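Visitor: below: sequence and its predicted model.
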Amino acid sequence: MESSLITCQDEAVAAGFGADEGGLDPVESQKVVDLLNRELSRLLKLNPNEFWREVALDTSLRDFLDSFLQFRNRWYDFPHHGVKGNVAGVIVGEDDLSRRVFMVLYRISSNRDPGARAADSLSVNDHGVLLQEKKLLDLPMLLDICALYGHENEELTRVLVRNALNAQPIIHENLASVVSQFLSITHTMHQRCSTSLEVLFSSGSHGDPGSSRLHVDMQEVSCFLYLA
């Protein structure tokens, strides 16, 4: 899995940076996204036994998923909305890639595929051990999943998190670490939104559609912080 490449692409190219500013060449970025889409599509088509074998043996899968979840633009990120002056959304297949990442994570969260025979599924114990050993769906990863997917796919995200918590009772013993992670997330949200405001106001584009979009986003961030 080309996790380091997709990280650069998502943070730099999708934000409008060229190759001389730390971003990948758009053509190269497109190749990376196409490759990752093909790989995840292949993974999702595997039968349960083959799927779990690959999850257990592919050492790069966890790194890719973690990297994607950490660096993929959130709904409150400025470039995501295509504000004037940014080159967001130039990579074809980014949304498909994000959807496939979620589908892989969702499948990993349960020991049994819908409709699958017990013989083709992991035991509850083996599933929990695999998640723990591979650090798949640990607390930091679950928080990133909520930040990335919970806004637009709340119900399935809730099911995914519930599955992961049920499979890993030890997580309940580590809830203290959530406080630190939560503070980190809110700090990141504050930084990104502050930067977005600075860019917007410095451009003087208060009548730009991005201004209205940002205003809505800021309201939602405020609600998130208040309800948290």
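Guide: Now that the structure is in, tell me what you want to look at. All values derive from a computational prediction rather than experimental measurement.

Visitor: pick out the residue nearest the middle of the chain.
Guide: For the chain, the residue sitting closest to the mean C-alpha position, by CA atoms, centre = their mean, is residue 69 at 3.1 Å.

Visitor: specify the local secondary structure of it.
Guide: Using DSSP: H, G, I helix; E, B strand; the rest coil, the structure places residue 69 in helix.

Visitor: same check on residue 115?
Guide: coil.

Visitor: please report the distance of it from residue 155.
Guide: According to CB to CB, to the nearest Å, residue 115 and residue 155 sit 20 Å apart. Yep, even glycine has a C-beta here, placed from its N, CA and C like the rest.

Visitor: in the chain, which spans are helices?
Guide: For the chain, the helices defined by DSSP state H occupy 3-8, 26-45, 48-57, 59-71, 94-109, 124-134, 139-149, 154-167, 176-203, 209-227.

Visitor: what's the fourth one packed up against?
Guide: Other helices and strands packing on helix 59-71, by 3 or more CB pairs under 8 Å, 6 or more residues apart in numbering; DSSP states H and E, are helix 3-8, helix 94-109, helix 139-149.

Visitor: ok, 10 Å please
Guide: Contacts defined by 3 or more CB pairs under 10 Å, 6 or more residues apart in numbering; DSSP states H and E place helix 59-71 against helix 3-8, helix 26-45, helix 48-57, helix 94-109, helix 124-134, helix 139-149.

Visitor: same question, the longest one
Guide: For helix 176-203, the elements it packs on are helix 139-149, helix 209-227, judged by 3+ CB pairs under 10 Å, 6+ apart.

Visitor: can you read off the pLDDT for the spatially closest residue to residue 68 that is not a sequence neighbour?
Guide: Take residue 68 and drop its neighbours on the chain: the residue closest to it by CB to CB, 6 or more residues apart in numbering is residue 101, 5.5 Å away. Note on residue 101: pLDDT of 97.

Visitor: got it, and residue 23?
Guide: pLDDT for residue 23: 56.

Visitor: and residue 184, what does it touch?
Guide: By CB atoms under 10 Å, 6 or more residues apart in numbering, the residues touching residue 184 are 140, 143.

Visitor: so where is this structure shaky, pLDDT-wise?
Guide: Residue ranges of the chain with pLDDT under 70: 1-24, 77-90, 176-178, 203-228.

Visitor: hmm, back to that, contact partners for the residue nearest to residue 68?
Guide: Neighbour list for residue 101: 6, 36, 40, 64-65, 68-69, 72, 145, 148-149 [criterion: CB under 10 Å, 6+ apart].
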